[in-house]
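J.: show me the folded form of this:
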Amino acid sequence: MSSATHATAPQPGDSYVQSFARGLEVIRSFSAQTPQQTLSEVAERTGLTRAGARRILLTLQTLGYVESDGRLFKLTARILDLGFAYLSSMPIWNLAEPVMEALVEQVKESCSAAVLDGTDIVYVLRVPTHKIMRNTLGVGSRLPAYCTSMGRVLLADLLDDELLKRLKAARPKALTKHTVTDMDALLAKVQQARRQGWSLVNQELEEGLISLAAPITNRAGRTIAALNISGQANRTNAKVAQEKLLPVLLQAARTISQRLT
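T.: Next comes the predicted model:
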């Protein structure tokens, strides 16, 4: 389950359709680690009975979102329609993409945009230059907010009570020797991002990776997304990143924000 899942699940009622929720859980059970699953594996990962999982899988298969060879089930390309519906309904991404492409051309580093979802960030747009991480990122990829520059910029828009609640829910763990996991230190990092209007994360997510992020804001001044530049720490250290990359990143974020008004 997603890290954003509530401890107490909603109960069936007039405002909650349990069968629909279970169908989404079945879809989410497929991932890069589990691209194909048997009926038993889907049932185990979702907590459903085999009969319940079978009904949902066959429904998804009828609708064209799942295909099967008789034993293994896997998602089809039609599942992308669900994500595309979100992207196409938000004109911000059409406005942001040319700005991001120009930024990548200027700094020769990868650029991404993400939104906050619970304790994670979700990538909604990415313009890469070359592979800088061991794990390939793309639209829909999720990363923990507490140790990413975009995550800290997005968390910075929350009130401190809600911020602390999400940091605790994330259960921070050290992904590298540089990862900040102490709750007070993390809170201070996010509050610093709030004060200065940007965040720099140096090798906390992955060894050798450095990233800068700035907020994309709406006309009310609220952060609705984050924009970042990522590079290799051995080529672009923190001092160089702040001197050369930060000014153009902030300008790009402002340009996108202004186009929303």
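
J.: helices along the stretch 51-200 of the chain, start to end?
T.: 80-89, 92-107, 149-155, 160-170, 183-196 (DSSP state H, counting those that start in this stretch).

J.: so which of those helices is the most packed in?
T.: Mean neighbours per residue, mean count of other CB atoms under 10 Å, is largest over the helices of the stretch 51-200 of the chain for helix 149-155, with a mean of 29. Just so you know, the C-beta spots here come from the backbone N, C-alpha and C atoms, and that holds for glycine as well.

J.: could you list every helix and strand that it packs against?
T.: strand 110-117, strand 120-127, helix 160-170, helix 183-196, strand 199-202, strand 209-217, strand 223-232 (3 or more CB pairs under 8 Å, 6 or more residues apart in numbering; DSSP states H and E).

J.: list the contacts of stretch 173-190.
T.: 146-147, 152, 155-156, 160, 163-164, 167-168, 172, 199, 202-207 (CB atoms under 8 Å, 6 or more residues apart in numbering).

J.: gap between the two ends of it?
T.: Distance between the two ends of stretch 173-190: 17 Å, counting by CA to CA, to the nearest Å.

J.: ok, now stretch 29-36?
T.: Using CA to CA, the end-to-end distance of stretch 29-36 comes to 10 Å.

J.: next one: it to chain centre, how far?
T.: Relative to its chain's centre, stretch 29-36 lies at 17 Å (CA atoms, centre = their mean, to the nearest Å).

J.: for that stretch, which positions count as buried?
T.: Buried positions in stretch 29-36, judged by neighbour count with 16 or more other CB atoms under 10 Å: Ser29, Phe30.

J.: rounded mean pLDDT for it, please.
T.: In this model, stretch 29-36 has an average pLDDT of 88.

J.: point out where the stretch 151-261 of the chain drops to low pLDDT.
T.: 261 (pLDDT under 70).

J.: before we move on, back to that, out of the helices and strands packed on helix 149-155, which gets nearest to Gln251?
T.: Taking CB to CB, strand 209-217 is the member of the helices and strands packed on helix 149-155 nearest to Gln251, at 9.1 Å.

J.: give the partner strands of that closest one in its sheet and their orientations.
T.: If you go by DSSP bridges, strand 209-217 pairs up with strand 199-202 (antiparallel), strand 223-232 (antiparallel).

J.: that strand: how far from the chain's middle?
T.: Strand 209-217 sits 13 Å away from the centroid of its parent chain (CA atoms, centre = their mean).

J.: restricting to C-alpha, output that strand in CSV.
T.: Written as CSV, here are the backbone C-alpha positions of strand 209-217 (Å, rounded to 0.1, in the frame of the first residue of the first chain):
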residue,chain,number,x,y,z
LEU,A,209,23.3,12.8,-6.7
ILE,A,210,22.7,16.4,-5.9
SER,A,211,19.5,18.3,-6.6
LEU,A,212,18.0,21.8,-6.2
ALA,A,213,14.3,22.5,-6.1
ALA,A,214,12.1,25.6,-6.2
PRO,A,215,8.3,26.0,-5.7
ILE,A,216,5.7,26.5,-8.5
THR,A,217,3.0,28.6,-7.0
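
J.: please consider this matter closed, and thank you.
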